[in-house]
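A.B. asks: here you go, sequence then predicted model.
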Amino acid sequence: MTENQGIDEINNSAFRFVGNLVPFKGQPETVTEENKNLRGDGTEMILDLGEIDNFEINPISPIDGKLNSKYRSVKGRIIGIDENGFIEFAAMIENIQQLPAFFAKCDFNFLVQNTFDWIIDIYINGRAPIMLIDYLREKIENESKEHTLYFRIDGIQMEDDFAIGNCQITFISDQSIEGFINSYLQKKEAVNIDEIRTGYQIMKGVNIKASITSTSDNAKNICLREAELSMDVLKCFLGGYSLNQYYAIPDLEHRKNGAARLSYWVFASEVVPSAPDFKNLGGFIALPIDNAFIAEAKKRGIEIFSNFIKKKFTDSLYSEITDAIQRFAKIISTSNNYEKVVKAISLLEGCILERSNKSNGNGEGKIKKYVLPKLTTNQIQIFEKSIRKAYHVRNLYVHNSTEIPLNEQDLWVLLEIVRLFIIKLINLHESGKRQFETIQDFFLVT
């Protein structure tokens, strides 16, 4: 089916929803013996809206928390799309979202709201002055604008700004903040300068900046995904630091784990309580990202990662590689080194072993035979030793809950194997391969 045929099919199917609008069937809460003494929110439901129009009811599924029907008050009646109809409605919205005119330019909720507006307008006026797809195009064009978002990064020091993917990691200084305030004042009147300055002061420090032209809500979602992926690429080159308990692996503020220390007080029998003490649960030294680090990261392939994530492909191999980058970044952030080993092996096996064949075992042998020779020629024995020890550690940890001593060098080599493996996957994609299955073909895994 061509793109134009797909658009025609969507335009035609959209009209069905106008004729299938149904009344809202919400009921007041039933008073039972168990809830008869309850008072306050939720004990009554107002259904008689009188002359109120355009009041919306957006029920949410208790299972996944997502919208599952949609209603609006029109001339004293509440009508809309019920749960059964919303399944088909949501499927149509997903098809719209995949069209080039809408992909990455607006989010699901934007399309739901504006498509529902179009349906209600036809119901009220009895005619469609414009087809749905053209209507949505106009809405996007009118509401899209360039958005630049900044997200704070915790646990990092930097020398100069640098780019990863479609984002820039930058330092927000007091001078930067004053520039933001002056720009704000040019567009706003009668504002409290101190409140504005306090709000911007939160930005001070290292941030990751992303920009996109889109509708507002969609811009926030896309910029956040871009920032997270760029941050994940940086973490893929912090393997050495992740083995040093004194360094904090940096991350976006909202993704940092809980408290990095455990505070406690000791009360021994017949002894005066001790002074408060604490144990570090994570690194406490901010990571220094200076120009020397960036130069070394470039030698190790950070630009290969960076250029790859700039391209927003939709094929299965691209998705697999970005997933591997994200998983590797989580491995680097994992403070438990035994969990690092388990997850690193899982990442490698998940890519090279046939997923449909659960009996396809001997991951260690297949990694040694098919993967390592494509990653190195002069360090094959070192790589094989690391894999052999990793599987030994993994098996005892997973199956026997035993933590045997870890060798830092072996663990470092294991992380390097994962990084080089991802580079090979990126090279595979750059060669024109687009399907996940080509990974097994490339490594000749049988």
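C.D. replies: Looks like it came in fine.
A.B. asks: residue ranges with poor pLDDT in the chain?
C.D. replies: Flagging of the chain using pLDDT under 70 yields the residue ranges 1, 26-53, 188-191, 257-283, 355-361, 445-446.
A.B. asks: for the stretch 201-350 of the chain, which segments are assigned as strands?
C.D. replies: 205-214, 251-252, 261-264, 277-280, 287-289 (DSSP state E, counting those that start in this stretch).
A.B. asks: name the residues of the first one that are buried.
C.D. replies: Going by neighbour count (16 or more other CB atoms under 10 Å), the buried part of strand 205-214 is 205, 206, 207, 208, 209, 210, 212, 214. Using the backbone N, CA and C atoms, a C-beta is placed for each residue, glycine as well.
A.B. asks: then stretch 302-310?
C.D. replies: Those buried within stretch 302-310 under the rule 16+ other CB under 10 Å are 302, 305, 306, 308, 309.
A.B. asks: from the residues you listed, which ones fall inside helices?
C.D. replies: 302, 305, 306, 308, 309 (DSSP state H).
A.B. asks: make TSV out of those and add distance to residue 345.
C.D. replies: Converted to TSV, those look like this (distance: CB to CB, whole Å):
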residue	distance to residue 345
302	24
305	21
306	27
308	24
309	24
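A.B. asks: between the residues you listed, which sits nearest residue 132?
C.D. replies: residue 309 (33.4 Å; CB to CB).
A.B. asks: who touches that closest one in this structure?
C.D. replies: Under the criterion of CB atoms under 8 Å, 6 or more residues apart in numbering, the neighbours of residue 309 are 164, 165, 166, 229, 230, 233, 322, 325.
A.B. asks: mind putting these in a markdown table, neighbour count and distance to residue 140 included?
C.D. replies: Output for the contacts of residue 309, formatted as a markdown table (neighbours: other CB atoms under 10 Å; distance: CB to CB, whole Å):
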| residue | neighbour count | distance to residue 140 |
| --- | --- | --- |
| 164 | 26 | 28 |
| 165 | 22 | 24 |
| 166 | 20 | 20 |
| 229 | 20 | 24 |
| 230 | 25 | 26 |
| 233 | 25 | 30 |
| 322 | 19 | 26 |
| 325 | 22 | 30 |
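A.B. asks: nearest to residue 128 among those?
C.D. replies: residue 166 (38.0 Å).
A.B. asks: what sits closest to that closest one if chain neighbours are left out?
C.D. replies: Spatial nearest neighbour of residue 166, excluding adjacent residues (CB to CB, 6 or more residues apart in numbering): residue 226 at 5.1 Å.
A.B. asks: break the chain down into its structural domains.
C.D. replies: Per automatic domain parsing, the structural domains of the chain span 3-143, 144-255+283-301, 313-446.
A.B. asks: from residue 66, how far out is the nearest residue to residue 368 once chain neighbours are set aside?
C.D. replies: The shortest distance from residue 368 to any non-neighbouring residue, by CB to CB, 6+ apart, is to residue 384 (5.4 Å). Computed with CB to CB, to the nearest Å, the distance linking residue 384 and residue 66 is 48 Å.
A.B. asks: neighbour count for these two, which is higher?
C.D. replies: Shown here are residue 384 and residue 66; by other CB atoms under 10 Å, residue 384 has more neighbours (18 against 10).
A.B. asks: and that one, that's in a helix?
C.D. replies: Yes: under DSSP: H, G, I helix; E, B strand; the rest coil, residue 384 falls within a helix.
A.B. asks: ok, now how distant is it from residue 310?
C.D. replies: From residue 384 over to residue 310 (counting by CB to CB), the distance is 35 Å.
A.B. asks: what's the answer for residue 167, then?
C.D. replies: 10 Å.
A.B. asks: cool, and residue 129?
C.D. replies: 40 Å.
A.B. asks: got it, and residue 397?
C.D. replies: 38 Å.
A.B. asks: residue 217 against residue 112, yeah?
C.D. replies: No: in this structure residue 217 lies outside contact range of residue 112 using CB atoms under 8 Å: 11.5 Å.
A.B. asks: out of the two, which sits in the more crowded spot?
C.D. replies: For residue 217 versus residue 112, the count of surrounding residues by other CB under 10 Å is larger for residue 112: 20 against 15.
A.B. asks: what's the closest non-adjacent residue to the more buried one?
C.D. replies: Per CB to CB, 6+ apart, closest to residue 112 is residue 93, 5.6 Å.
A.B. asks: rewinding a little: in helices, which of the contacts of residue 309 appear?
C.D. replies: Mapping the contacts of residue 309 onto helices (DSSP H) picks out 229, 230, 233, 322, 325.
A.B. asks: how about residue 314, phi and psi?
C.D. replies: The phi/psi pair for residue 314 (degrees, to the nearest 10) reads phi -120, psi 10.
A.B. asks: ok, it to residue 428 distance?
C.D. replies: Per CB to CB, residue 314 is found 17 Å from residue 428.
A.B. asks: who's in contact with the closest residue to residue 288 other than its chain neighbours?
C.D. replies: Spatial nearest neighbour of residue 288, chain neighbours left out: residue 157 (4.9 Å); criterion: CB to CB, 6+ apart. Taking CB under 8 Å, 6+ apart, we find residue 157 in contact with 206, 286, 287, 288, 289.
A.B. asks: quick check: the two most widely separated of those residues?
C.D. replies: So, the contacts of residue 157 by CB to CB: farthest apart are 206 and 288, at 11.3 Å.
A.B. asks: thanks a lot, see you next time.
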